[in-house]
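1. Structure, please.
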Amino acid sequence: MLYLCICLCELLFICESYFFLKTYQLNGYVISSYLKDVFEFALAFGKKNNLKFTKRLIRLIITFFIVSFLLFFIVIYFIKNPFLRALDVIIILLCCPLLVALCHYINLPIEKLIKLLYIKKAKIKLKKLSVVKIAITGSYGKTSTKNILTTILEKVYKVCPTPKNYNTEMGLVKTILNNLDDHDILIAEMGARHKDDIKKLCQIVKPDHSIITTIGPQHLDTFKNIKTVEDTKYELVENMDNEGLIIFNGDSENTKKLFNKCPLENKFLTCQDNSFAYSENIEVDENGSRFDLIIDNKKIKVKTRLLGRSNIDNIVTASALAYKLGVSLDDIQSAIFSLEPTKHRLELIKNNLMTILDDSYNSNIVGFRQALEVLSNFKGVKIVITPGIVELGSCQSQINFEIGTLIADHADYLIICNDTNKNYILSGAISHNMSKEKIFFANNRKKQQEILKKLIVHGCAILYENDLPDNYK
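-> Numbering: from 1, shown residues only. The predicted structure follows:
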């Protein structure tokens, strides 16, 4: 009977822990972010994100099971008073989120050791290979630039890029250990949320060449200000080989600051008139763009299915580095023509009834603005579905208000998802004369689809901009 009671309590406890474990995982196992969500009751109750049973999470669950089992055993075995026993069991159940945090700290030494061992193994493998290492960082456009550069370089070289949005230490290590083989080039996307994050990634890869894309207000909840963002991205410059090539996307004023500050000899600015590489005579429509690409004072006419001005800048920047690494202009032209849209990044999906612009991944104010500009190229009714942008710290209200004004200027209808930025976006849209009758609210996907069915007409265009994880209300 004793063990049956313990097992029942344990089963109930494990079931309760699901949403806390998912919230912990969605926060990237960062305990401070997890606890912030717990105390704000921003738990991952939704169905968009499933719990992924990674090795790290399985280790945490085992620790969680052992600790909770011992707690229930002590209470049920040693406390004889039924009322006190029941009260203690309830207290343990209520402490579930804190127990997840406790297990995090119990496992922390072993997790750090495992991480160090994997990093050491990846470094040893890299030393044995004669592979050229390229690093890409920035606030926006990292993944798109990486994919474009990969396509162009593959005309000449065998290339291993970090897959999807693998841009953390363990994502990079996993790529090196599992994907890197007899390749000529490794392209490492480098993301950051804290100071020294880029430095840590560079210590693993030790890049030969680099690209810094657009820098702007991203992850300000951890960076706090744009100066810290710039300093963190500049860590790539500080950890570069002095003889390496480094390309700066000059369309960004923040990136241009780093270009001017950079002491390296082989630095090149792009996306500015008369810089090393830039575009001119741009023609844009709903199917893509055509423009003249000038690299090192040589001009080629190019055409791409990629949408948005930012993708033109990404193409220019990637082409500049590919050219310096020996890819011919003819091969660059051919590769640009063959570029495929990156999934969920201004991806165009058409059918007989409507056009969908899927820009649901990793939204930012620059990308949002350009997605709306692309939307304006379409005829018919225009609908925007968005929860706005998060992780902007003290700028969150201001930027989401601006988003509301932009939507009002470019779209006919607006569906706001989630409550996080609801009031900011609503206020911005109304301030630019969007009628309240054309603004709708949907707290889940079912409600969103119900509203959308009423708005869809033949020839309409729908923009899905950003998709927040389940730990945002």
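2. contacts, neighbours, all on C-alpha from now
-> Noted.
3. mind listing the strands in the stretch 251-400 of the chain by residue range?
-> 267-270, 277-285, 288-295, 298-304, 347-350, 354-359, 382-386 (DSSP state E, counting those that start in this stretch).
4. same thing with the stretch 1-150 of the chain?
-> 132-137.
5. Turn the strands of the stretch 251-400 of the chain into a markdown table, including distance to residue 392, mean pLDDT and mean neighbour count.
-> A markdown table is the format used below for those (distance: least, C-alpha to C-alpha, whole Å; pLDDT from 0 to 100; neighbours: other C-alpha atoms under 10 Å):
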| stretch | distance to residue 392 | mean pLDDT | mean neighbour count |
| --- | --- | --- | --- |
| strand 267-270 | 27 | 97 | 23 |
| strand 277-285 | 30 | 93 | 18 |
| strand 288-295 | 30 | 95 | 20 |
| strand 298-304 | 32 | 96 | 16 |
| strand 347-350 | 25 | 89 | 16 |
| strand 354-359 | 19 | 92 | 20 |
| strand 382-386 | 16 | 95 | 24 |
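6. could you dump those strands to a markdown table with distance to residue 38?
-> As requested, those are arranged in a markdown table below (distance: least, C-alpha to C-alpha, whole Å):
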| stretch | distance to residue 38 |
| --- | --- |
| strand 267-270 | 44 |
| strand 277-285 | 46 |
| strand 288-295 | 44 |
| strand 298-304 | 45 |
| strand 347-350 | 34 |
| strand 354-359 | 29 |
| strand 382-386 | 24 |
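7. what's the closest of those to residue 46?
-> Closest approach to residue 46 among the strands of the stretch 251-400 of the chain (C-alpha to C-alpha): strand 382-386, 16.4 Å.
8. Any chance you could give me that closest one in CSV, C-alpha atoms only?
-> Extracted C-alpha coordinates of strand 382-386, given in CSV (Å, rounded to 0.1, in the frame of the first residue of the first chain):
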residue,chain,number,x,y,z
LYS,A,382,-4.4,41.7,-47.8
ILE,A,383,-4.5,40.0,-44.4
VAL,A,384,-1.8,40.0,-41.8
ILE,A,385,-1.6,37.4,-39.0
THR,A,386,0.9,38.1,-36.3
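9. which helices and strands sit right next to that strand?
-> With contacts taken as 3 or more C-alpha pairs under 8 Å, 6 or more residues apart in numbering; DSSP states H and E, strand 382-386 sits against strand 413-417, strand 460-465.
10. Just tell me which of those strands ends up closest to residue 117.
-> strand 460-465 (39.1 Å).
11. quick check: angle from that closest one to strand 382-386?
-> 20 degrees (axes from the mean of the first three to the mean of the last three C-alpha atoms, to 10 degrees).
12. Walk me through which strands strand 460-465 pairs with, and which way each runs.
-> strand 354-359 (parallel), strand 382-386 (parallel) (DSSP bridges).
13. Make CSV from the ones you listed and add distance to residue 212 to it.
-> Output for these, formatted as CSV (distance: least, C-alpha to C-alpha, whole Å):
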stretch, distance to residue 212
strand 354-359, 22
strand 382-386, 28
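14. Could you point out which of those sits nearest residue 134?
-> Going by C-alpha to C-alpha, the one of the strands paired with strand 460-465 nearest residue 134 is strand 354-359, 26.4 Å.
15. measure residue 200 to residue 233 for me?
-> 12 Å (C-alpha to C-alpha, to the nearest Å).
16. and residue 370, how far is that from residue 29?
-> Distance, residue 370 to residue 29, using C-alpha to C-alpha: 32 Å.
17. Flag the shaky bits of this protein, pLDDT-wise.
-> Where the chain drops to pLDDT under 70, the residues are 1-10, 12-13, 44, 85, 88, 362, 470-473.
18. okay, now the closest residue to residue 363 other than its chain neighbours: neighbour count?
-> Residue nearest to residue 363 in three dimensions, not counting chain neighbours: residue 466, with 5.2 Å by C-alpha to C-alpha, 6 or more residues apart in numbering. Neighbourhood size, residue 466 [other C-alpha atoms under 10 Å]: 23.
19. Return the residues in contact with residue 466.
-> 359-363, 386-389 (C-alpha atoms under 8 Å, 6 or more residues apart in numbering).
20. same question, residue 99
-> residue 64.
21. starting at the chain centroid, how far to the longest helix seen in the chain?
-> Ordering each helix of the chain by length in residues (DSSP state H) puts helix 96-128 first. For helix 96-128, the separation from the chain centroid amounts to 22 Å (computed by C-alpha atoms, centre = their mean, to the nearest Å).
22. Go through it and flag the buried ones.
-> For helix 96-128, the neighbour count (16 or more other C-alpha atoms under 10 Å) marks 96-97, 99-104, 107, 111, 118-119, 122-123, 126 as buried.
23. and what of stretch 182-194?
-> For stretch 182-194, by 16+ other C-alpha under 10 Å, it's 184-194.
24. What of stretch 238-245?
-> Here stretch 238-245 shows 239-240, 244-245 as buried, counting by 16+ other C-alpha under 10 Å.
25. now, which of those residues sits nearest residue 58?
-> When the buried residues of stretch 238-245 are compared against residue 58 (criterion: C-alpha to C-alpha), the nearest one is residue 239, at 35.1 Å.
26. Which strand or helix spans the nearest residue to the closest one once chain neighbours are set aside?
-> Among residues not flanking residue 239 along the chain, residue 202 sits closest, at 6.3 Å (C-alpha to C-alpha, 6+ apart). For residue 202, the host element (DSSP states H and E) is helix 197-205.
27. Show me what secondary structure element comes after that helix.
-> On the C-terminal side of helix 197-205, the nearest following helix or strand under DSSP H and E is strand 209-212.
28. Rebuild the buried residues of stretch 238-245 as TSV, extending it with secondary structure.
-> Listed next are these as TSV, based on DSSP: H, G, I helix; E, B strand; the rest coil:
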residue	secondary structure
239	coil
240	coil
244	coil
245	coil
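29. Would you reformat the residues you listed as TSV and include distance to residue 315?
-> Output for those, formatted as TSV (distance: C-alpha to C-alpha, whole Å):
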residue	distance to residue 315
239	25
240	23
244	21
245	17
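30. hmm, back to that, nearest to residue 340, out of the helices and strands packed on strand 382-386?
-> strand 460-465 (18.9 Å).
31. what's the angle between that closest one and strand 413-417?
-> Using the same axes, to 10 degrees, strand 460-465 lies at 30 degrees relative to strand 413-417.
32. Show me what strand 460-465 is in contact with.
-> 353-361, 363, 368, 371-372, 375, 378-388.
33. Residue 28: neighbour count?
-> Neighbours of residue 28 (other C-alpha under 10 Å): 11.
34. Who are the contact partners of the residue lying closest to residue 333 once chain neighbours are set aside?
-> Excluding the flanking residues, the one nearest residue 333 by C-alpha to C-alpha, 6+ apart is residue 302, at 5.8 Å. Neighbouring residues of residue 302 by C-alpha under 8 Å, 6+ apart: 290-293, 333, 336-337.
35. Same question for residue 279.
-> Residues near residue 279 by C-alpha under 8 Å, 6+ apart: 271, 273, 291-294, 312-313, 316.
36. let's see 7 Å
-> Contact partners of residue 279, counting by C-alpha atoms under 7 Å, 6 or more residues apart in numbering, are 271, 291-294.
37. Give me the distance between residue 336 and residue 159.
-> 16 Å.
38. no, scratch that, I was asking about residue 273
-> 30 Å.
39. And those two? Which one has more around it.
-> Using other C-alpha under 10 Å, the more surrounded residue of residue 273 and residue 159 is residue 159, with 23 against 14.
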